[in-house]
Each structure stands twice: as structure tokens, then as C-alpha cells.
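1. Quick check, what structure comes out for this input:
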Amino acid sequence: VQSGQLLRLDVVRCQPRPLAARAGGKLAAALGSPHARLDTLDLGHNNLGNDGGVALAASLHANTSLRTLNLEHNKLGDAAATALAQALCTNLALRVLNLERNSLRAEGGEALAAALRDNRGLWHLNLRLNAVGDAGGQAMAAALASNTVLRSLEIQHNGIGEEARASVERAWVGRMGELKV
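-> Here you go, the predicted structure:
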């Protein structure tokens, strides 16, 4: 994409082939362009790793059109989750974020939960099959107290114990939408 060109796409799916680092960087740069118009980006199963996740997160700060981002099964870790959380603090356009089956631990879960406290755009967050544990679960429960926009949270298979699970369930009471703990 050349500077100044308008990029208008509804859906881009790049799965299940791993993206070359150069292609991922170009995609992130295009996504961060003020001229980018993309509704859905499906990068599931592309082995992006932390570096790719951080690059994409940086582009989300400027993007105002992306509604759905699928980063399922990409070997993202806490650094990518933290970068995505920082992007969620400024990006109000993103509605659906799928981070299922990555390598997110407590640090990543806590960062995403902190972002949810102030984010008023995200409707669906999928964190299934990670390892955010009790700390991530408790942080998510605390975040739900101030976030009234989230309609769907999938956080099952994360090593969350009964006490943290109960905290998340209590925080969800009275919401319209689906909770999977």
C-alpha cells in the first residue's frame, strides 16, 4: 500500500499459513494507515509470535475501522497481550478480539483486564485455552465491575480456580450476553 492510497476491504483471511515476518510487518503498517478501511482481519494459525502481535497492536492505535480481529493460535505471549491491551485503551472501533489458544499467562490476562476497565468498544473477548490463572481471572472480575459494554467473555480452560471463577461469575450477574468460564 502506497502512502495516500485508500485501502478498503471488508474481510482479510490469512490462514492457516504462517505469514512471513516481512508480510506481517507490511500488513500491520497498512492497518495503521489513516487510509485503511478493513472490517475483519483473520490471522488465526499464522505463528505471529510476540513480535507480530506487538506490531499489529501498534497499528490498532491509529485504526478506526477494524471491528473483528482473530489472532487465535498464534503463539502470542504476554508482551503481545500487553501491547494489545494498550491499544484497547485508545481503540474504540474494535468489537471482537479472539486470542484463543495462545501463550497468555497472568501478566497478559491482567493487562487485558486493566484495559477493559476503560475500554468502551469491545463487545466480545475470547481468551479460551490460555493460562491466565487465578490472577488473570481475579483481574478480569475486577474489570467487569466498571466495564458495562462487554457482551461476551470466553475465559474457560485457563487454569482459573473455583474462587476466581466465582468472582468472574458474580461480576457478570445482570449482564446481557454470554459468559464461559
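
2. dump the residue contacts of Gly174.
-> With contact set as CB atoms under 8 Å, 6 or more residues apart in numbering, Gly174 has no partners. Any C-beta I mention is one placed from the backbone N, CA and C, and that applies to glycine too.

3. in this structure, which ranges drop under the pLDDT threshold?
-> For the chain, the stretches with pLDDT under 70 are 1-25.

4. let's go with 50 and repeat that
-> 1-6 (pLDDT under 50).

5. Where do the strands of the chain begin and end?
-> In the chain, the segments counted as strands under DSSP state E are 7-13, 36-42, 68-70, 96-98, 124-126, 152-154, 178-180.

6. now those in a markdown table, with mean neighbour count and distance to Val132?
-> Formatted as a markdown table, these follow (neighbours: other CB atoms under 10 Å; distance: least, CB to CB, whole Å):
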| stretch | mean neighbour count | distance to Val132 |
| --- | --- | --- |
| strand 7-13 | 12 | 27 |
| strand 36-42 | 18 | 23 |
| strand 68-70 | 21 | 19 |
| strand 96-98 | 20 | 14 |
| strand 124-126 | 20 | 11 |
| strand 152-154 | 20 | 12 |
| strand 178-180 | 14 | 14 |
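
7. I'd like the ones you listed as JSON lines, with distance to Asp51 appended.
-> What follows is these, written out as JSON lines (distance: least, CB to CB, whole Å):
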{"stretch": "strand 7-13", "distance to Asp51": "20"}
{"stretch": "strand 36-42", "distance to Asp51": "17"}
{"stretch": "strand 68-70", "distance to Asp51": "17"}
{"stretch": "strand 96-98", "distance to Asp51": "19"}
{"stretch": "strand 124-126", "distance to Asp51": "22"}
{"stretch": "strand 152-154", "distance to Asp51": "26"}
{"stretch": "strand 178-180", "distance to Asp51": "30"}
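
8. Out of the ones you listed, the one nearest Ala57 is which?
-> In terms of CB to CB, the element of these nearest to Ala57 is strand 68-70, at 9.8 Å.

9. Off-centre distance for that closest one?
-> Put simply, strand 68-70 sits 8 Å off its chain's centre (CA atoms, centre = their mean, to the nearest Å).

10. Give me the phi and psi angles of Leu92.
-> Backbone torsions for Leu92, taken as degrees, to the nearest 10, come to phi -100, psi 0.

11. how about the nearest residue to it, chain neighbours excluded?
-> Leaving aside its sequence neighbours, Leu92 sits nearest to Gly121 (CB to CB, 6 or more residues apart in numbering; 3.8 Å).
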